[in-house]
Structures are given as structure tokens and as C-alpha cells.
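Asks: predicted model follows, preceded by the sequence.
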Amino acid sequence: VLEHLESLEPAMEAFRIAGQAVILSFFIPPHVYPAIIKKTEQGYYHNQYYEYDVLELAKSCGFALEKRIDTWEKDGNMNRTYVFVRK
């Protein structure tokens, strides 16, 4: 589970040590479109990278996106999980 990260180094490490699959789950999903990364009303910072960065990192490490799962909490906040498999 990755949250409020300034870089994707922890994800890179997951891809490095994984045998067949990596599942990355974000309580605050990476931005899909370029946006100003700022503090939310609740005082949290969004992840400081974009979905494209996550997908490119996986690809560069020999993994392909198998599935993207979006779920919603009762308060309407969205969580996103990516399932990557080794090519």
C-alpha cells in the first residue's frame, strides 16, 4: 500500500524483488491528468506522481498491467489498486 509518497522508489523495489506479480494499492490514487499537487482539506498531500509514471515504471521493470480496480469508500473517496504481472 503506497500513500503520500514523493517518489516511486518503494514501487520500484517491489518490482525489483517480485517474482510473478505486484499489487499496488493507493488510498489516494495517482493523478491521471496533470494537476497541481496540493494539500487537501483534510491536510493530506496527494501522491506526487501521475498514473502514467506508475505504468511506465512497471513496463520498464518487465511488468504489464493486468487489472486496475477502483473502489469507493462510504464518504465517496476512491481507492485504486493496480495488478501487474511479469511479461
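Replies: Structure received.
Asks: give me the low-pLDDT residue ranges for the protein?
Replies: Applying pLDDT under 70 to the chain flags the ranges 4, 29, 31-40, 42-47.
Asks: what about the strands in it?
Replies: For the chain, the strands defined by DSSP state E occupy 21-26, 63-72, 78-86.
Asks: how far off strand 63-72 does the first one point, in degrees?
Replies: Taking axes from the mean of the first three to the mean of the last three Cα atoms, to 10 degrees, one finds strand 21-26 and strand 63-72 inclined to each other by 40 degrees.
Asks: you'd agree residue 87 is up against residue 61?
Replies: No - Residue 87 is not in contact with residue 61 according to Cβ atoms under 8 Å; the separation is 9.8 Å. Backbone N, C-alpha and C define where each C-beta goes, glycine included.
Asks: if you count surrounding residues, which of those two has more?
Replies: Comparing residue 87 with residue 61 by neighbour count (other Cβ atoms under 10 Å), the higher total belongs to residue 61, at 17 against 9.
Asks: next, count neighbours for the nearest residue to residue 30 once chain neighbours are set aside.
Replies: Distance criterion Cβ to Cβ, 6 or more residues apart in numbering; nearest residue to residue 30, sequence neighbours excluded, is residue 51 at 4.5 Å. Number of residues near residue 51 (other Cβ under 10 Å) recorded here: 17.
Asks: quick one: residue 51 and residue 74, what's the gap?
Replies: For residue 51, the distance to residue 74 equals 24 Å [Cβ to Cβ, to the nearest Å].
Asks: which parts of stretch 12-32 are buried?
Replies: 14-15, 18, 22, 24, 26, 28-31 (16 or more other Cβ atoms under 10 Å).
Asks: and these, which two are the farthest apart?
Replies: 18 and 31 (24.4 Å; Cβ to Cβ).
Asks: hang on, the earlier thing: between the buried residues of stretch 12-32, which is nearest residue 80?
Replies: Among those, residue 29 lies closest to residue 80 (Cβ to Cβ), at 3.6 Å.
Asks: next, format the strands of the chain as JSON lines and append distance to residue 6.
Replies: Putting the strands of the chain into JSON lines (distance: least, Cβ to Cβ, whole Å) gives the following:
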{"stretch": "strand 21-26", "distance to residue 6": "14"}
{"stretch": "strand 63-72", "distance to residue 6": "22"}
{"stretch": "strand 78-86", "distance to residue 6": "18"}
